[in-house]
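**Q** Below is the sequence, then the predicted model.
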Amino acid sequence: MPRHAITGSVPTSHLPFSPAVAAGPFIFVSGQASVSDTGQIMLDTFENEFRRSWDHITRILAAANATLDDVMQVNNYVAKQEDLAEYNRLYRDLFTDPKPARTTIVGVLGTDSIKYEVDVIAYREPA
């Protein structure tokens, strides 16, 4: 199946990956964290990092003519256990029911780095 990178007004990185790749009706969005549009890490409160990450996801999906309603799978990476309650509170408001399938992994980002990262898989109905 041919694939193509999603481009447009989306955050970029100096690292070797596309912000997202579409293949048929599927959109695979790379991990999005609290970074500027040029890829500079922006350390902040957990809530601000979470919101910045999801702003990137929303913009990338829009560039692929999709929305959060098209998200089927979400993989979340939370740096610290103590942020889980806030993470769940913020996450709860992102989606309507039925919410996407979800995985959350805690403690893999390092303690002196970003507090949150997320990647998603979305599905667009063929036109």
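**A** Received the coordinates, thanks.

**Q** which ones are touching the spatially closest residue to Thr103 that is not a sequence neighbour?
**A** For Thr103, ignoring the flanking residues on the chain, the nearest one in space by Cβ to Cβ, 6 or more residues apart in numbering is Asn75 at 4.9 Å. In this view, the C-beta of every residue, glycine as well, is placed from N, C-alpha and C. Counting by Cβ atoms under 8 Å, 6 or more residues apart in numbering, Asn75 touches Arg102, Thr103, Ile105, Val118, Asp119, Val120.

**Q** tell me the contacts of the fourth one?
**A** Right, Val118. Counting by Cβ under 8 Å, 6+ apart, Val118 touches Gly31, Gln32, Ala33, Ser53, Trp54, Ile57, Val74, Asn75, Asn76, Tyr77.

**Q** circling back: for the contacts of Asn75, which one is nearest Pro19?
**A** Minimum distance to Pro19 across those is 10.5 Å, recorded for Asp119 (Cβ to Cβ).

**Q** quick revisit: strand partners (parallel or antiparallel) of whichever strand or helix holds the residue nearest to Thr103?
**A** Using DSSP states H and E, Asn75 sits in strand 71-78. Strand pairing for strand 71-78, determined by DSSP bridges: strand 101-106 (parallel), strand 116-123 (antiparallel).

**Q** what does the shortest one contact?
**A** Contacts to strand 101-106, defined as Cβ under 8 Å, 6+ apart, come from residues 72-81, 84, 87, 91.

**Q** Buried members of those residues into PyMOL, please.
**A** A single PyMOL command suffices to select whichever of the contacts of strand 101-106 are buried according to 16 or more other Cβ atoms under 10 Å:
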select buried, resi 74+75+76+77+78+79+87+91
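
**Q** Just list whatever residues bridge to the residue nearest to Thr103.
**A** When assigned by DSSP bridges, Asn75 has beta-bridge partners Thr103, Asp119.

**Q** Convert the C-alpha atoms of the lengthiest helix in the chain to PDB, please.
**A** Ranked by number of residues, the top helix in the chain under DSSP state H is helix 46-63. Extracted C-alpha coordinates of helix 46-63, given in PDB (Å, rounded to 0.1, in the frame of the first residue of the first chain):
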ATOM      1  CA  PHE A  46       2.100  18.700  33.000                       C
ATOM      2  CA  GLU A  47      -1.100  20.300  31.900                       C
ATOM      3  CA  ASN A  48       0.600  22.700  29.500                       C
ATOM      4  CA  GLU A  49       2.800  19.900  28.000                       C
ATOM      5  CA  PHE A  50      -0.300  17.700  27.600                       C
ATOM      6  CA  ARG A  51      -2.300  20.400  25.900                       C
ATOM      7  CA  ARG A  52       0.700  21.300  23.600                       C
ATOM      8  CA  SER A  53       1.000  17.700  22.600                       C
ATOM      9  CA  TRP A  54      -2.600  17.400  21.800                       C
ATOM     10  CA  ASP A  55      -2.600  20.700  19.900                       C
ATOM     11  CA  HIS A  56       0.100  19.100  17.700                       C
ATOM     12  CA  ILE A  57      -2.000  16.000  17.200                       C
ATOM     13  CA  THR A  58      -5.100  18.000  16.300                       C
ATOM     14  CA  ARG A  59      -3.100  20.100  13.700                       C
ATOM     15  CA  ILE A  60      -1.600  17.000  12.200                       C
ATOM     16  CA  LEU A  61      -4.900  15.300  11.900                       C
ATOM     17  CA  ALA A  62      -6.400  18.500  10.300                       C
ATOM     18  CA  ALA A  63      -3.700  18.500   7.700                       C
END
